[in-house]
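[1] requesting a structural model of the entry that follows:
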Amino acid sequence: MMNIIPETAGTTPNYWCTWATQNHMDNPILNSEDVSASTFEGDQGARYARNLMNEQVLLGKGGWVHDFGSVRKDMFLVLDDGWDVGYSNTPDIAIERFGSVILDEGKFLSYTGSPAERLKKLNNDIKQHGWRGIGLWISAQSVGPDLWPISKEEYDDTYDNVTPEMKQYWVDRIEWCRYAEVNYWKVDWGKHDHHAGFRKMLTELAASLHPELFVEHAYCSGPLNAYSMKTHKCETRFSQWDDIPERMTEFLKFSEILRTYDVTASLSIPTTLDRTAHLLSKEGGLLNCEDELYMAAALGCTFGVMRSPKWEYREGINYDPWNLKGCQDEITRALRWQRIAPAFSGGNIILSEQILSDSWEFESGDTWFQAVIGRNITQSAPAIVARNMELPKVVCTNNLPPYIVASKNSNSAVSIAALGRIKDKNTPVFPSAEVILNLECIPEYLGVFGNYDSISLVSKELISISNIYIQDLASENALDITNDVVLTEKSVLIPGDVLRSIIIKNDYSQPGVAIKFLA
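    Next comes the predicted model:
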C-alpha cells in the first residue's frame, strides 16, 4: 500500500469557524411555535447565534470539538462572535460590551483564573482533542466608551492619535494570548472595522509581542459584489464597486491574512471568486476564501471552514443550497492537499476575458440578508483564473461551463478546480469539461478538484515518467494508473473516468485527488 499524502499536519493557517454552526444548530431559545424562516433573517439571527456559544456546545457530549476526525490537527478552532459577551448581548443595544477578549463567565463556567489563565485552560482542552488550538473572533474595538479615543468621523487612518491607554489595552490582550498559546485572531466588525491604521497597529503589535499569532483582517462589506440598496441590483463587478476594492487592497498590504468576507450561500462561488481574482493581483499577505474550499486549495489560498455535520435542517429554511452538510469529505481533501501545496502569497495572476454569471431568486429562508428576499440577483466572475501559469484551455460540450481555477504553487505543485454553477431557477450543478494545462514541465504533484471529461498536461520539455499514482485525498491508498493514461513525448491525458473511478463515496462531496508523477 502506498500513501502519497504526508501524515504531518499542514502549516497553512486554516480553521473551522463556529459561526455558521451557531446559526444552523437547534437552539433552545428557538424551541417555540413562532419559529419561522424570518427568525434567521437580519440582526435577530445573529442574536440567536451568539446565544448558542458556550462551553457545553463546544466541549460537552457530542460537542463541536469532536468533529472532523484526524484533520482536526490541520485546523484552528475559531470561536466566533459571542464567546466574550454574555447571553442576549447585541451591538445595537450595547456595542461597548464587545471586544473584551475575555471568556464570558456565564458561558464558560469551568474556566477560572485570570483572563490569560482561562484562555490557556480552554486552549489546552481543545488541543487535547486533536486540534491545532483555538482561534478567537476579535471585535475591532475595545470594551467601554472611555477607551474609545475618537469617533469614526474623526478617525485618522495612520492612528497617530491613539492614546497610550488604548495601545496598552491591546498589548495586554496579545500578551494574554501569548501566555495561552492562542495563535489565531479573526478580526471582524467593530467601531474601527474600516480603519486601516487600527488594524495595522494590531498586526504590528502582534508581530513584536507574539510572532506566532496570525492576525486575519477583513474589510467589512456587503455579501454581494456591487449590490445597490437603492436599485437592488448588482450594477458592476467587484473591481468597480465604489472604493471597496481599493480599501481591501490597502488592508491586504499589511495583513498576514485577508478574508474575502461574508457572502450569500447561494451565490458564494461567483461572489468569492470575483473578489479573490481581483485581490490576488495585489501585493500583500494570504487570502482567505472562507468556505470555498476547493477554490482556496486550487488557488493557493487559506480557508475558514463553515460547514458542519451538526447543522439542523428546518422546514422552509434553505440556508444550505449546495448541500454542504453532506459534503464533509471536501474538508479533508482540501486540508490534505495543502499538506502538499501550502497557501502562498505573491505571483502572477491571469484572468480570462470570458465572464460567467449566475443568478438566484431569493425567497424567505434562503439567506440572512433581508434586502434581497423576493429579488433575482446576479453575480459574475472570470470564467478561468490562473496563478503563476498560463490560462488553462477549456473545452465544454454543454452550454454551462464550470468556473476553472488553477495555480502553480511556490513549491512547483500544480492544482486545478472545476467549480459549480447555477442552472435554471435555483438549481446548483457541477458541469464538466475537457481541460488542457500548458506547463513548463510535468510537476511532481497535481491536485485535481471537481468533475472533468479529461485533463491534459502539455509540457514544453520531453517527459520522462516511470509511474503515475493517483489517490483520493480522503483516502490512505494510492493506485498506479500508468497504464490508464494516454502518454506521449510531451503530454499526459488523464480520462475523467480514471479520475472518478478512485473516489470514495462517503458523502456527496465533489471529487478531489492528488496525482504523483515519478520520473
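
[2] Tyr111 against Arg118, yeah?
    Yes. Contact status for Tyr111 versus Arg118: in contact at 4.2 Å, counting by Cβ atoms under 8 Å. Using the backbone N, CA and C atoms, a C-beta is placed for each residue, glycine as well.

[3] any common contacting residues for these two?
    Both Tyr111 and Arg118 are contacted by Leu103, under the criterion Cβ atoms under 8 Å, 6 or more residues apart in numbering.

[4] could you give the number of residues near Lys180?
    If you look again at residue 180, you'll see it is Ala, not Lys. Neighbourhood size, Ala180 [other Cβ atoms under 10 Å]: 21.

[5] can you pull the pLDDT of it?
    Ala180 carries a pLDDT score of 98 in this model.

[6] next, give phi and psi for it.
    In terms of degrees, to the nearest 10, the main-chain angles of Ala180 are phi -80, psi 0.

[7] residue contacts, it?
    Counting by Cβ under 8 Å, 6+ apart, Ala180 makes contact with 116-117, 119-120, 122-123.

[8] of these, just the buried ones, ChimeraX syntax please.
    Selecting only the buried entries of the contacts of Ala180 in ChimeraX, with 16 or more other Cβ atoms under 10 Å as the criterion:
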select :116,119,120,122,123
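
[9] which one of the contacts of Ala180 sits closest to Val414?
    For the contacts of Ala180, the residue nearest Val414 by Cβ to Cβ is Asn123; the value is 36.5 Å.

[10] part of a strand, is the closest one?
    No. Counting by DSSP: H, G, I helix; E, B strand; the rest coil, Asn123 is not part of a strand but helix.

[11] could you pull up the residues touching it?
    If you count contacts by Cβ under 8 Å, 6+ apart, Asn123 has them with 133-134, 180-182.

[12] and it, how far from Asn54?
    Distance, Asn123 to Asn54, using Cβ to Cβ, to the nearest Å: 17 Å.

[13] who's in contact with the nearest residue to Cys396 once chain neighbours are set aside?
    Nearest residue to Cys396, sequence neighbours excluded (Cβ to Cβ, 6 or more residues apart in numbering): Ala433, at 4.1 Å. Applying Cβ under 8 Å, 6+ apart to Ala433 gives the contacts 394-397, 401-402, 404, 418, 452-453.

[14] hang on, the earlier thing: JSON lines for the contacts of Ala180, including distance to Phe76 and pLDDT?
    Formatted as JSON lines, those follow (distance: Cβ to Cβ, whole Å; pLDDT from 0 to 100):
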{"residue": "Ala116", "distance to Phe76": "18", "pLDDT": "98"}
{"residue": "Glu117", "distance to Phe76": "20", "pLDDT": "98"}
{"residue": "Leu119", "distance to Phe76": "14", "pLDDT": "98"}
{"residue": "Lys120", "distance to Phe76": "15", "pLDDT": "98"}
{"residue": "Leu122", "distance to Phe76": "13", "pLDDT": "98"}
{"residue": "Asn123", "distance to Phe76": "10", "pLDDT": "98"}
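
[15] SS state for Glu353?
    Glu353 is classified as coil under three-state DSSP.

[16] need phi/psi at it.
    Glu353 has phi and psi values of phi -70, psi -30 when expressed as degrees, to the nearest 10.

[17] pLDDT at it, what is it?
    In the predicted model, Glu353 carries a pLDDT score of 97.

[18] so which residues of the stretch 151-300 of the chain form helices?
    Along the stretch 151-300 of the chain, counting by DSSP state H, counting those that start in this stretch, helices occupy 164-180, 196-209, 244-254, 268-279, 293-299.

[19] can you get me a residue count around the residue nearest to Ser509 when sequence neighbours are not counted?
    Among residues not flanking Ser509 along the chain, Asp329 sits closest, at 3.9 Å (Cβ to Cβ, 6+ apart). For Asp329, the neighbour count with other Cβ under 10 Å is 22.

[20] any idea how far Arg307 is from Asp329?
    11 Å.

[21] likewise for Gly284?
    Distance, Gly284 to Arg307, using Cβ to Cβ: 27 Å.

[22] Gly420 too?
    From Gly420 over to Arg307 the distance is 15 Å, taken as Cβ to Cβ.

[23] the two: which is more packed in?
    Using other Cβ under 10 Å as the criterion, Gly420 and Arg307 rank with Arg307 on top: 24 against 20.

[24] contacts only, for that one.
    Taking Cβ under 8 Å, 6+ apart, we find Arg307 in contact with 20, 291, 320, 324-325, 327-328, 331.

[25] what about Ser364, how many neighbours?
    So Ser364, with other Cβ under 10 Å, has 16 neighbours.

[26] what's the answer for the one 5 residues further on, then?
    Neighbours of Phe369 under the rule other Cβ under 10 Å: 18.

[27] repeat that for Val435.
    By other Cβ under 10 Å, 25 other residues sit near Val435.

[28] just Asp104 next, same as before
    By other Cβ under 10 Å, 20 other residues sit near Asp104.

[29] now do the contacts for Ser475.
    Applying Cβ under 8 Å, 6+ apart to Ser475 gives the contacts 502, 504.

[30] give the contact list for the spatially most central residue of the chain.
    What sits nearest the mean C-alpha location of the chain, by Cα atoms, centre = their mean, is Glu290, with 1.5 Å. In this structure, Glu290 makes contact with 259-263, 268, 272, 303-304, 306, judged by Cβ under 8 Å, 6+ apart.

[31] ok, back up a step: so what's the residue nearest to Ser509 up against?
    474, 504, 506-507, 509, 512.

[32] what do you get if the cut-off is 7 Å, keeping everything else the same?
    Applying Cβ atoms under 7 Å, 6 or more residues apart in numbering to Asp329 gives the contacts 474, 506-507, 509.

[33] tabulate the contacts of Ala433 (a markdown table), appending neighbour count and distance to Asn225.
    What follows is the contacts of Ala433, written out as a markdown table (neighbours: other Cβ atoms under 10 Å; distance: Cβ to Cβ, whole Å):
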| residue | neighbour count | distance to Asn225 |
| --- | --- | --- |
| Val394 | 19 | 23 |
| Val395 | 12 | 28 |
| Cys396 | 16 | 24 |
| Thr397 | 10 | 30 |
| Pro401 | 19 | 20 |
| Pro402 | 26 | 20 |
| Ile404 | 26 | 20 |
| Ala418 | 28 | 22 |
| Tyr452 | 25 | 28 |
| Asp453 | 16 | 30 |
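
[34] of these, closest to Leu299?
    Nearest to Leu299 among these is Ile404, at 11.0 Å by Cβ to Cβ.

[35] state the distance from the closest one to Val385.
    According to Cβ to Cβ, Ile404 and Val385 sit 7 Å apart.

[36] can you tell me the closest non-neighbouring residue to Met229?
    Of all residues not flanking Met229 in the chain, Ala371 sits nearest, at 6.3 Å (Cβ to Cβ, 6+ apart).
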